[in-house]
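**Student:** Whatever this is, show me its structure:
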Amino acid sequence: MCVVLATGVVLGAEQPMPTKTLHQAAMQGDIEQLNLHIARGADLNKADKGNMTALARATMTGRLEAVKVLVAAGADINGPSFMGPPIVVAVSRMQREIVEFLVAEGADVNAKGRGGQTALIAAASVGQQEVVELLVAKGADVNAANDQGQTALMAARGFPAIAEFLRQNGAQAPTIAYGEGPYGRPGMGGGMVAGGEPGYRAMQERPDVLADPNALRAKIAAIPGLAKRIESVDANAASEERSWASRRSDNRATLIRSAGKQFAEELAFLKSVATEDKAAKTSAAIDELAAKRRERDAAIGSELREARRLALQQARAAAGRGRGRGASRGRSARGGSIQGYDDPTGMANAGPYGQAEPGRMAGRARRTEDVEEPPLDPDTAMMLEAWLSANPEDKRTLLASVHDMDLFELEGLQQIATEEDAKKTTAAIEGLMLARQTRVERIREKMAEEDARLERLAERAGGAAGMRSRRGRDTLQAEQPQGQVPTTSRRGRRSR
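**Tutor:** Residues are numbered from 1 along each chain as shown. Next up, the predicted model:
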């Protein structure tokens, strides 16, 4: 017994201690650190403070190799987390390779996340046709509904090819009458936030005001001058649209300011209409929502700026350690990429290794460790998670999350205005919701156009390089005497 204990002590002493937590290693894809945790018998299914498992963290940040290591070591492939089971997380974060791996490993394609969201509904809502086809081929229920009664077919509004594919595979569109839900319930499910979550406010079910855009436009047109006023407010969103489509740099801090400004202008417009309508309850609700959004956007903006500051600080420190290498110094002098330290999500927001938890950043915690901060409300915590974990180069998932939350909060106002019988205010709210839906579709089109443009540029650059290479070879061969093997000169050396 003594010998065994002594041997265990020696082995334990020889085994290096992990320098990152399990969840940090998973999120950064640090395989060496993951293996150290696995060798020490770590509980791979334990959730962190953000209620995320290591597998969910690796999935969220697109770390395929880390996902493979965790699954091979016994991590629960269907384990729940704050954002849902891994397959729902993978689809929501548009991590196609991870989706394919999880499906191949036997993940439950009908598993549900927050708000009853399935992977198929999530894929349909953001236009991932190949993922939709894969999930259906593996047995996903095409008529499964989330907690609001939304199916994949309903979520595919705006993606005709996906909708047609779902219909061909048995998806059925429920008949929806005004005031009646898709399954006979009074009213249809309310607004959703990221991942299909119905939100945390207790709200009665209400009609889906976007189900029939033509009827909604006719309703607005019946009120003199309202359509033009809505168009005028919507026209101010041009800068926000450009910010969403930008891929040149991490512009999230700027984006949340422009998005917040646009939402504030819309609320100011609604307040003026509610005042004209003498809708006191709706006016008070608008004021309350405006204050809530200012507070939320300020908190998220602060976190984004702090994340960028910490990322730049770490990048400069890394450049300092590599001083003497001209390229590193050059990048540091120009500011460099804030993601050069292997953090593609830009989440330098919790400790030296980037672990995130909703509503908190280690950088801030270190500065205020003696101050007990009030907890963030769940909606703010959820949106903070969405903004911090977004891919700065492709903000499609973040766009969907922000849009869903905006609709959810506007639906709350619409419910109050309807109950107050403020017809003009109700129509104004619904008109803004339709304008937002149309705007998001335009942004998605611009994103697709930008993808195509970048692809053409890459192909053109590759073709030009090939032409130059072939032209150089042809010229060299033409200048060589017949029968002589051509030689290539190098700078500083003569050809012999």
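**Student:** same for the host helix or strand of Thr426, what does it pack against?
**Tutor:** Taking DSSP states H and E as the definition, Thr426 sits inside helix 423-479. Applying 3 or more CB pairs under 8 Å, 6 or more residues apart in numbering; DSSP states H and E, we find helix 423-479 packed against helix 213-221, helix 226-235, helix 238-245, helix 252-276, helix 396-419. C-betas here are computed from N, CA, C, even on glycine.
**Student:** so which of those comes closest to His37?
**Tutor:** Nearest to His37 among these is helix 396-419; the distance by CB to CB comes to 28.0 Å.
**Student:** for the chain, which spans come out with low pLDDT?
**Tutor:** Where the chain drops to pLDDT under 70, the residues are 1-15, 174-209, 248, 311, 314, 318, 321-378, 463-496.
**Student:** all strands of it, in order?
**Tutor:** Taking DSSP state E, the chain contains no strands at all.
**Student:** returning to that earlier point: for the helix holding Thr426, what is the distance to the chain centroid?
**Tutor:** 20 Å (CA atoms, centre = their mean, to the nearest Å).
**Student:** most neighbours per residue, which of the helices and strands packed on helix 423-479?
**Tutor:** helix 396-419 (a mean of 22; mean count of other CB atoms under 10 Å).
**Student:** Against which helices or strands is that one packed?
**Tutor:** helix 252-276, helix 280-321, helix 378-388, helix 423-479.
**Student:** I figured His403 hits Thr438, correct?
**Tutor:** No. Shown here, His403 and Thr438 do not form a contact pair, counting by CB atoms under 8 Å, at 11.3 Å.
**Student:** Any chance of TSV for the helices and strands packed on helix 396-419, columns distance to Thr59?
**Tutor:** Listed next are the helices and strands packed on helix 396-419 as TSV, based on distance: least, CB to CB, whole Å:
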stretch	distance to Thr59
helix 252-276	21
helix 280-321	20
helix 378-388	14
helix 423-479	23
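**Student:** Highest mean neighbour count out of those helices?
**Tutor:** Ranked by mean neighbours (mean count of other CB under 10 Å), these are led by helix 378-388, with a mean of 22.
**Student:** Okay, angle between that helix and helix 280-321 too, please.
**Tutor:** Counting by axes from the mean of the first three to the mean of the last three CA atoms, to 10 degrees, helix 378-388 lies at 40 degrees to helix 280-321.
**Student:** Helix 378-388 to helix 252-276, inter-axis angle?
**Tutor:** Going by the same axes, to 10 degrees, helix 378-388 makes 140 degrees with helix 252-276.
**Student:** coming back round to it: the helices and strands packed on helix 423-479: which one's closest to Val142?
**Tutor:** Using CB to CB, the nearest of those to Val142 is helix 396-419, at 20.3 Å.
**Student:** CA-only coordinates of the closest one in CSV, if you can.
**Tutor:** Extracted in CSV, the C-alpha atoms of helix 396-419 (Å, rounded to 0.1, in the frame of the first residue of the first chain):
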residue,chain,number,x,y,z
ARG,A,396,-25.2,36.5,-39.3
THR,A,397,-25.9,34.7,-36.0
LEU,A,398,-25.6,37.9,-34.0
LEU,A,399,-27.9,39.7,-36.5
ALA,A,400,-30.5,36.9,-35.9
SER,A,401,-30.2,37.2,-32.1
VAL,A,402,-30.5,41.0,-32.1
HIS,A,403,-33.4,41.0,-34.5
ASP,A,404,-35.3,38.4,-32.5
MET,A,405,-34.8,40.4,-29.3
ASP,A,406,-35.9,43.7,-31.0
LEU,A,407,-39.1,42.0,-32.3
PHE,A,408,-39.7,40.4,-28.9
GLU,A,409,-39.6,43.8,-27.2
LEU,A,410,-41.7,45.6,-29.9
GLU,A,411,-44.3,42.8,-29.6
GLY,A,412,-44.5,43.6,-25.9
LEU,A,413,-45.4,47.2,-26.8
GLN,A,414,-47.8,46.0,-29.4
GLN,A,415,-49.6,43.8,-26.8
ILE,A,416,-50.0,46.8,-24.5
ALA,A,417,-51.2,49.1,-27.3
THR,A,418,-53.7,46.4,-28.4
GLU,A,419,-55.1,46.1,-24.9
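**Student:** shift numbering so it begins at 24
**Tutor:** Sure thing, new numbering starts at 24, so read that last one as helix 419-442.
**Student:** Val149 and Ala423 touch, don't they?
**Tutor:** Yes. If you go by CB under 8 Å, Val149 and Ala423 touch, sitting 5.3 Å apart.
**Student:** which ones are touching the residue lying closest to Ile121 once chain neighbours are set aside?
**Tutor:** Spatial nearest neighbour of Ile121, excluding adjacent residues (CB to CB, 6 or more residues apart in numbering): Ala113 at 4.3 Å. By CB atoms under 8 Å, 6 or more residues apart in numbering, the contact set of Ala113 is 82, 121-122, 125, 142.
**Student:** quick one: which of these sit in helices?
**Tutor:** Counting by DSSP state H, the contacts of Ala113 place 82, 121-122, 125, 142 in helices.
**Student:** Among the helices and strands packed on helix 419-442, single out whichever gets nearest to Thr42.
**Tutor:** Minimum separation from Thr42 across the helices and strands packed on helix 419-442 (CB to CB) falls at helix 303-344, 15.0 Å.
**Student:** Tell me what angle that closest one forms with helix 446-502.
**Tutor:** 30 degrees.
**Student:** tell me the angle helix 303-344 makes with helix 419-442.
**Tutor:** 170 degrees.
**Student:** helices and strands around helix 303-344, which ones?
**Tutor:** By 3+ CB pairs under 8 Å, 6+ apart, helix 303-344 packs against helix 275-299, helix 349-356, helix 385-390, helix 401-411, helix 419-442.
**Student:** same thing but 6 Å
**Tutor:** helix 275-299, helix 349-356, helix 401-411, helix 419-442 (3 or more CB pairs under 6 Å, 6 or more residues apart in numbering; DSSP states H and E).
**Student:** Quick one: these as JSON lines, columns for distance to Asp71 too.
**Tutor:** Formatted as JSON lines, those follow (distance: least, CB to CB, whole Å):
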{"stretch": "helix 275-299", "distance to Asp71": "23"}
{"stretch": "helix 349-356", "distance to Asp71": "32"}
{"stretch": "helix 401-411", "distance to Asp71": "12"}
{"stretch": "helix 419-442", "distance to Asp71": "20"}
